[in-house]
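Colleague: Test case, fold it:
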Amino acid sequence: MTDRANESPAQDAGASVAPPQPGVVDIVKKLTVDDFKNVGQYPCARSSLLYGIGTGFGAGVLRFAYKGQVLSASNYAVASFCAVSLVSWEVCRYQLKKQRSLPTSVGALPPSSAPPS
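Modeller: From the prediction side, this is the model:
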């Protein structure tokens, strides 16, 4: 048996090493204005943002109607916008992933176990 702890990285050149994952700071540094111009073309982004905007507006208006405080109403609007946008984004992405995993052709379907009639 060989002792893998004593081997140098040069000796283990055949093993693949995963590159480090970029952090949030790296991603934010790479953002440009052009990234936000086409946000409506990303799958699920448009509908999620519209649901969030509508719900946030409605929650803010209702909270202002009941309490009469702008700060409280804006807090409710932003919180409901974020929550509804996030949930509708995740639901849409889940449905899209599930839809894409379905077989697309009849030949790809497994054979039926039902006896022929």
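Colleague: wouldn't Phe81 be in contact with Gly52 here?
Modeller: Yes. Contact criterion CB atoms under 8 Å: Phe81 and Gly52 qualify, at 4.5 Å. C-beta coordinates here come from the backbone N, C-alpha and C atoms, glycine included.
Colleague: Of all residues in this structure, which one is nearest the centre?
Modeller: Glu90 (5.7 Å; CA atoms, centre = their mean).
Colleague: Which helix or which strand is home to it?
Modeller: Per DSSP states H and E, Glu90 falls inside helix 70-100.
Colleague: what's that helix packed up against?
Modeller: Contacts defined by 3 or more CB pairs under 8 Å, 6 or more residues apart in numbering; DSSP states H and E place helix 70-100 against helix 45-67.
Colleague: Quick one: list the elements packing against the helix it packs on.
Modeller: helix 70-100.
Colleague: Could you list the low-confidence segments of this protein?
Modeller: Residues of the chain meeting the criterion pLDDT under 70: 1-15, 103-117.
Colleague: Please repeat the previous calculation with a cut-off of 90.
Modeller: Within the chain, the stretches with pLDDT under 90 are 1-44, 98-117.
Colleague: residues touching Gly56, list them.
Modeller: Contact partners of Gly56, counting by CB atoms under 8 Å, 6 or more residues apart in numbering, are Ala77, Val78, Ser80, Phe81, Val84.
Colleague: Ignoring the adjacent residues along the chain, who's closest to it?
Modeller: Phe81 (3.1 Å; CB to CB, 6 or more residues apart in numbering).
Colleague: Equivalent analysis for Val84, please.
Modeller: Thr55 (4.2 Å).
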